[in-house]
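Visitor: 3D model of this:
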Amino acid sequence: MKNGVNGVALGVFVFFFLAVTVMGFLAARWRKADNEHSLDEWGLGGRSFGTWVTWFLLGGDLYTAYTFVAVPAAIYAAGAAGFFAVPYTVLVYPIIFLFLPRLWSVSHRHGYVTTSDFVRGRFGSRALALAVALTGILATMPYIALQLVGIQAVLDVMGVGGGESTNWFVKDLPLLIAFGVLAAYTYSSGLRAPALIAFVKDALIYIVIAVAIIYIPIKLGGFDDVFAKAGHALSQVSPATGKPRGALVPPHAGQWTYATLALGSALALFMYPHSITATLSSRSRDVIRRNTTILPLYSLMLGLLALLGVMAIAAGVKVQNGQLAIPQLFENMFPDWFAGVAFAAIGIGALVPAAIMSIAAANLFTRNIYKEFLKPDATPAQETKVSKIVSLLVKVGALVFVLTMDKTVAINFQLLGGIWILQTFPALVGGLFTRWFHRWALLAGWAVGMAYGTLAAYGVASPTQSHFGGSAKEIPGIGEVGYIGLTAFVLNLVTAVVLTFVLKAVKAPEGVDETRPEDYVADAGDPGVEVELPPATAGVSS
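Guide: Sure thing, here's the model as predicted:
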């Protein structure tokens, strides 16, 4: 880190930050709706986005500041093991091509705003829908916190806020300002704000990566030297573990972990509420299908981004916190003005997903807790008001998390969030293709997966932590080390299948399915009545 504040980089960063702030507030007038007081408008952008807006929105949603910082940071810390993010983003798109168009169609036909809306309508179970909603909120909170961690990492490298001995208010004031701006324009413009800002965010990221992948290797002597230096550094024995720091090729012992983590992460990615919120904002089923074919362009970007971790090793970047490795690489290697552009890409890369995540969590609370259990007769205007307020509270919670806890705790909880959110897969994706599963069996499977995943993750230690030290553990009955989330998912699914047979045998009540087969292939403009999700009624049991 350079001494003092990097004034040039900070000036460029502030310029882009102010530009996207203005865009965030102006977004309220973009595609302005006749009736703004509904979740369809505030929380889903009027379900009006076309192919390119959706592409940028989903890209801005999925490829976050955490991705920009953490993926190459994982490679910086351990080598090739961090590349699991690349194959998992390759795997995810064929998977979502199968089920996202069906989810869009049935949600469009019935006015569903969240995955819990669908689960409740499909299985007639308030309890199962509540479980899905609470899981989504819990998994999203640390994810939002990590976006703020990304902003803080950039500010630290630029020297803004002073050192650790600085008064806490002065040190955290820049982050507080960024948070306040994010909260204000999200409250004002809803999903339209991140949708508009995503254009700038993605353009900056592509520019920075294109320059970095050419410019930095040239300064380091070419890719041959980069990989040679990185391989040598990774082969050095770590004093903390007594083993090599990592390797450029995954060792045989780590291949199960690598493969299960990639597969489990692919299954989990579109279970997150923010992924679904961006999806449901599309105007047609065909928009979703087209996006699943062009979103892999981001995987190309991610593969190049991951190489920055190797470059940071080769460049001799030394940081105590691995999350600072890439911002520090940019400051060391780029001219100050372009370092500012790179920092702006990371900072704006945090604002877009943080806004979508807070909106998605707020929609879950409003639709599936507030309206379902607290005020069944809530009007659309009341729903929108509550969702706006909750989106603020969610961001405040994430900010408190970041300011008061060790940053590694936020990372660990995000890993735990991935384990949790994967447990909603059987109810959501299973429900999109079949009504065979029994609602109580799905609820029991969810509980088993959540319990196993949480306890297993709690028992994982690392050289620096006694609990939640990682997301991989020995798979029962196999003996190989694998991703805890995928093991929990298998236990979840087995429980749901076995109990479904049992519950059907004893003729347990299955609940009312309000959907019809034709709902799952409907498109905008197709004949059929599009209705709002009905309020909870005493006649539907849980």
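Visitor: could you show me where the strands are in this structure, in order?
Guide: All strands of the chain, identified by DSSP state E, fall at 472-474, 481-483.
Visitor: mean confidence for the last one?
Guide: What it means is strand 481-483. Strand 481-483 shows a mean pLDDT of 91.
Visitor: Against which helices or strands is that strand packed?
Guide: Contact analysis of strand 481-483 by 3 or more Cβ pairs under 8 Å, 6 or more residues apart in numbering; DSSP states H and E lists helix 255-269, strand 472-474 as its packing neighbours. Every residue, glycine included, has its C-beta placed from N, CA and C.
Visitor: Which residues does it contact?
Guide: Outside strand 481-483, the residues within contact range by Cβ atoms under 8 Å, 6 or more residues apart in numbering are 253-254, 256-257, 259-261, 263-265, 471-475.
Visitor: any idea how far it is from the chain center?
Guide: Between the mean C-alpha point of strand 481-483 and the mean C-alpha point of its chain there is a distance of 21 Å (Cα atoms, centre = their mean, to the nearest Å).
Visitor: In its sheet, which strands sit next to that strand, and in what direction?
Guide: strand 472-474 (antiparallel) (DSSP bridges).
Visitor: Tell me the buried residues in the partner strand?
Guide: 472, 473 (16 or more other Cβ atoms under 10 Å).
Visitor: Distance to residue 448 added to the strands of the chain, as TSV?
Guide: What follows is the strands of the chain, written out as TSV (distance: least, Cβ to Cβ, whole Å):
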stretch	distance to residue 448
strand 472-474	16
strand 481-483	17
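Visitor: can you tell me which of these comes nearest to residue 298?
Guide: For those, the distance to residue 298 is smallest for strand 481-483, at 22.2 Å, taking Cβ to Cβ.
Visitor: Tell me where the stretch 51-200 of the chain is predicted with low confidence.
Guide: Counting by pLDDT under 70, the stretch 51-200 of the chain shows low-confidence ranges at 161-171.
Visitor: residue ranges of the helices in it, please?
Guide: If DSSP state H, counting those that start in this stretch is used as the criterion, the helices of the stretch 51-200 of the chain fall at 51-62, 65-78, 85-110, 115-123, 126-158, 168-189, 192-219.
Visitor: could you give the angle of the third one to helix 65-78?
Guide: Taking axes from the mean of the first three to the mean of the last three Cα atoms, to 10 degrees, one finds that helix 85-110 is oriented at 160 degrees with respect to helix 65-78.
Visitor: excluding its backbone neighbours, what's nearest residue 364?
Guide: residue 133 (4.6 Å; Cβ to Cβ, 6 or more residues apart in numbering).
Visitor: returning to that earlier point: could you single out the most deeply buried of the helices of the stretch 51-200 of the chain?
Guide: Per residue and on average, the most neighbours among the helices of the stretch 51-200 of the chain fall to helix 115-123, with a mean of 28 (mean count of other Cβ atoms under 10 Å).
Visitor: With just CA atoms, put it into CSV.
Guide: These are the backbone C-alpha positions of helix 115-123, laid out as CSV (Å, rounded to 0.1, in the frame of the first residue of the first chain):
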residue,chain,number,x,y,z
THR,A,115,-39.8,-18.3,-4.9
SER,A,116,-41.8,-18.7,-1.7
ASP,A,117,-44.9,-17.5,-3.5
PHE,A,118,-44.5,-20.3,-6.0
VAL,A,119,-43.8,-22.9,-3.4
ARG,A,120,-46.9,-21.9,-1.4
GLY,A,121,-49.1,-21.9,-4.5
ARG,A,122,-47.7,-25.2,-5.8
PHE,A,123,-47.8,-27.2,-2.5
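Visitor: sorry, back to before: would you mind checking which of the contacts of strand 481-483 is nearest to residue 197?
Guide: Distance from residue 197 was checked for each of the contacts of strand 481-483 by Cβ to Cβ. The minimum falls on residue 265, at 25.8 Å.
Visitor: how far away is residue 346 from residue 18?
Guide: As judged by Cβ to Cβ, to the nearest Å, residue 346 and residue 18 stand 16 Å apart.
Visitor: Among these two, which residue is more densely surrounded?
Guide: Set side by side, residue 346 and residue 18 give different neighbour counts by other Cβ atoms under 10 Å, the larger being at residue 346 (27 against 11).
Visitor: Tell me the spacing between residue 371 and residue 133.
Guide: Looking at residue 371 against residue 133, where the rule is Cβ to Cβ, the gap reads 11 Å.
Visitor: what residues are up against residue 392?
Guide: Counting by Cβ under 8 Å, 6+ apart, residue 392 has contacts 183, 187, 358.
Visitor: what pLDDT does it get?
Guide: Residue 392 is assigned 90 on the pLDDT scale.
Visitor: Could you pull out the helices in the stretch 351-500 of the chain for me?
Guide: Using DSSP H, counting those that start in this stretch, helices in the stretch 351-500 of the chain cover 380-404, 407-422, 425-433, 439-458, 484-505.
Visitor: Next, the distance between the ends of stretch 40-51.
Guide: 18 Å (Cα to Cα, to the nearest Å).
Visitor: what's the nearest residue to residue 38 if we skip its chain neighbours?
Guide: Nearest-residue entry for residue 38: residue 380, 4.2 Å, with adjacent residues in sequence omitted and distances by Cβ to Cβ, 6+ apart.
Visitor: Buried by neighbour count, from the contacts of strand 481-483: which ones?
Guide: With neighbours counted by 16+ other Cβ under 10 Å, these contain buried members at 254, 256-257, 259-261, 263-265, 471-473, 475.
Visitor: Pick the one among those closest to residue 446.
Guide: Looking across these and measuring by Cβ to Cβ, the closest to residue 446 is residue 264, at 15.9 Å.
Visitor: That closest one contacts residue 421, doesn't it?
Guide: No: at 10.5 Å, residue 264 does not count as touching residue 421 under the criterion of Cβ atoms under 8 Å.
Visitor: what's the distance between residue 157 and residue 13?
Guide: According to Cβ to Cβ, residue 157 and residue 13 sit 11 Å apart.
Visitor: typo on my end, it should be residue 330
Guide: Distance, residue 330 to residue 13, by Cβ to Cβ: 11 Å.
Visitor: Between those two, which contacts overlap?
Guide: Common neighbours of residue 330 and residue 13 are listed as residue 343 (criterion: Cβ under 8 Å, 6+ apart).
Visitor: Give me the distance from stretch 278-293 to the chain's centre.
Guide: Put simply, stretch 278-293 sits 18 Å off its chain's centre (Cα atoms, centre = their mean).
Visitor: What are the buried residues along it?
Guide: Taking 16+ other Cβ under 10 Å as the basis for neighbour counts, the residues of stretch 278-293 that come out buried are 278-285, 287-292.
Visitor: okay, those in CSV with distance to residue 432 next?
Guide: Below are the buried residues of stretch 278-293 laid out as CSV (distance: Cβ to Cβ, whole Å):
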residue, distance to residue 432
278, 18
279, 13
280, 14
281, 19
282, 16
283, 20
284, 18
285, 13
287, 18
288, 13
289, 15
290, 19
291, 17
292, 15
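Visitor: Among those, which one lies nearest to residue 144?
Guide: When the buried residues of stretch 278-293 are ranked by distance to residue 144 (Cβ to Cβ), residue 278 comes first, at 15.0 Å.
Visitor: who's in contact with that closest one?
Guide: Shown in contact with residue 278 (Cβ under 8 Å, 6+ apart): 54, 57, 58, 61, 191, 356.
Visitor: want to throw the residues you listed into a markdown table with distance to residue 201?
Guide: Below are these laid out as a markdown table (distance: Cβ to Cβ, whole Å):
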| residue | distance to residue 201 |
| --- | --- |
| 54 | 15 |
| 57 | 10 |
| 58 | 12 |
| 61 | 10 |
| 191 | 15 |
| 356 | 12 |
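Visitor: Which among the helices of the stretch 351-500 of the chain is found nearest to residue 326?
Guide: Go through the helices of the stretch 351-500 of the chain one by one with Cβ to Cβ and the one that ends up closest to residue 326 is helix 407-422, at 14.9 Å.
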